[in-house]
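1. Can you look at this prediction? I've put the sequence above it.
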Amino acid sequence: MKLGFALPHQGPVATRENMRLVATEAEAMGYDSLWTNERLLVPVDAKTPYPGNAEGVLDEEYKTHLDHLTCMTYVSAITERVRLGVSVINIPWYNPVLLAKRLAAMDVLSEGRITVGVGLAWSEDECDAANVSFRERGRIGEEAIECMLAVWGPDPVEYHGKYFDLQPAYVGPKPVQKPHPPIIVGAFVPKALDRAGRLADGFTGCCAPVDALISMMGSVRSAAAERGRDPDRLLTVMRCLVNRTDERLDDATRAVAHGTWEQIAEDVRKMDDAGVGEIFFDVAFQKDAQSRDGLLRYLERFREMVGAGATA
């Protein structure tokens, strides 16, 4: 199982110095990947409760958030080997031709190290700000994925849908990775899990108990097999949003990577045994990780944990 770490691009640790520190140290320690996420805004009076915690409220750290793709581009210039991913881009917000062009350039400049996680956006407030219909975001997102794949294909490219239309054109350069950078879909509900198995190169999960995430992975694999696709070729990346506690939490209800060091190690073992291909730890909301020294301690601890077969 591969190991990644989230770049410090939100909250008080979101600085150029910390970004460079985590990127270079993680690569030196043998981490496989570095990750970002997307947050456009934190509404004062939210229309949609945040699905990532029981309170339904976005964490304070989200109020300061460096752009995901910009951070990945910066880090690609100061690293040589480690892969760079986003989990996830809210794909309905973007013109897919412009996004595909930008991601292709990133793949070229990083020499083929980009992984593209896409989601449909859970926040109505953010969709409003992006001028995207919240009700239609699923259909818009599917077309956006199809259009990006067309742009990355052989020239001349074209795409004709309800929401996006591209007349025959030459669009280059193409990504280094062939046929394109891996696209992994973030999903929770059955329809979205089916979409991941039908359209994407894999699945990225987060913010649920580990057994639920493993079950979601199974649903994606089943959806792929039903379409004649090989489920063993699908990527699975789990974002482990860390909430480390001194006392054990209820295993039946706690989210992945929530709890004691022992419980976090148990989650790692379960995911490894279930065939999860990659996990990455995100300490953005962990209070003792809000400093240079804190970030380094967590980098070292997770490298030891996974490198030792997830022993606490």
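-> Noted; the coordinates are in hand.
2. Val157 is in contact with Gln167, correct?
-> No: between Gln167 and Val157 there is no contact under CB atoms under 8 Å: 9.6 Å. Yep, even glycine has a C-beta here, placed from its N, CA and C like the rest.
3. Pick out whichever of these two has more residues nearby.
-> Neighbours per residue (other CB atoms under 10 Å) separate Gln167 from Val157, with Val157 holding more: 21 against 9.
4. Could you count how many residues lie near Ile91?
-> Using other CB under 10 Å: Ile91 sits among 26 other residues.
5. List the residues that contact it.
-> When contacts are counted by CB atoms under 8 Å, 6 or more residues apart in numbering, Ile91 touches 99, 118-121, 141, 144-145.
6. any idea how far Trp261 is from Thr70?
-> 33 Å (CB to CB, to the nearest Å).
7. Now do stretch 82-99: distance from first to last residue.
-> 22 Å (CA to CA, to the nearest Å).
8. now it: how far from the chain's centre is it?
-> Relative to the centre of its chain, stretch 82-99 is centred 10 Å away, using CA atoms, centre = their mean, to the nearest Å.
9. go on, stretch 287-303?
-> The answer for stretch 287-303 is 20 Å, by CA atoms, centre = their mean.
10. If you count neighbours, what's buried in that stretch?
-> Residues of stretch 287-303 classed as buried by neighbour count (16 or more other CB atoms under 10 Å): 289-290, 294-295, 298-299, 301-303.
11. Which residues outside that stretch are in contact with it?
-> 3, 5, 8, 11-13, 17-18, 21-22, 25-26, 29-31, 242, 244, 261, 281, 283, 286.
12. Whichever of these end up buried, select them in ChimeraX.
-> This is how ChimeraX selects the buried members of the contacts of stretch 287-303, with burial counted by 16+ other CB under 10 Å:
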select :3,5,8,11,13,18,21,22,25,26,29,31,242,244,281,283,286
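13. Among the contacts of stretch 287-303, which ones are in helices?
-> 17-18, 21-22, 25-26, 29, 261 (DSSP state H).
14. Out of these, flag the one nearest to Thr236.
-> Using CB to CB, Ala26 comes nearest to Thr236 of the ones in helices among the contacts of stretch 287-303, at 20.6 Å.
15. Please give me every residue in contact with the residue lying closest to the closest one once chain neighbours are set aside.
-> Excluding the flanking residues, the one nearest Ala26 by CB to CB, 6 or more residues apart in numbering is Phe5, at 5.2 Å. With contacts defined as CB under 8 Å, 6+ apart, Phe5 is in contact with 22, 26, 31, 33-35, 280-282, 298-299, 302.
16. Could you double-check that Pro231 lies in contact with Ala224?
-> Yes: using CB under 8 Å, Pro231 makes contact with Ala224 at a distance of 4.7 Å.
17. Those two: which has the busier surroundings?
-> Ala224 (24 against 15).
18. Relative to Gly218, how far out is that one?
-> Counting by CB to CB - Ala224 and Gly218 are separated by 11 Å.
19. What are the boundaries of the helices in the protein?
-> Going by DSSP H, the chain shows helices at 16-29, 68-76, 96-109, 124-129, 137-151, 190-199, 210-226, 261-274, 292-307.
20. gap between the shortest one and the chain center?
-> Here the centre of helix 124-129 is set off from its chain's centre by 20 Å, with CA atoms, centre = their mean.
21. Please identify the buried residues of it?
-> Those would be 124-127, for helix 124-129 by 16+ other CB under 10 Å.
22. Also stretch 40-48?
-> Buried-residue list, stretch 40-48, by 16+ other CB under 10 Å: 40, 42.
23. so how far is it off the chain centroid?
-> 21 Å.
24. Kindly report the same for stretch 48-66.
-> 16 Å.
25. How about stretch 156-176?
-> With CA atoms, centre = their mean, you get 25 Å for stretch 156-176.
26. For the chain, which residues score under the pLDDT cut-off?
-> For the chain, the stretches flagged by pLDDT under 70 are 308-312.
27. how close does the residue nearest the centre of it get to Val185?
-> Geometric centre of the chain, nearest residue: Ser87, 1.3 Å, by CA atoms, centre = their mean. Computed as CB to CB, the Ser87 to Val185 distance reads 10 Å.
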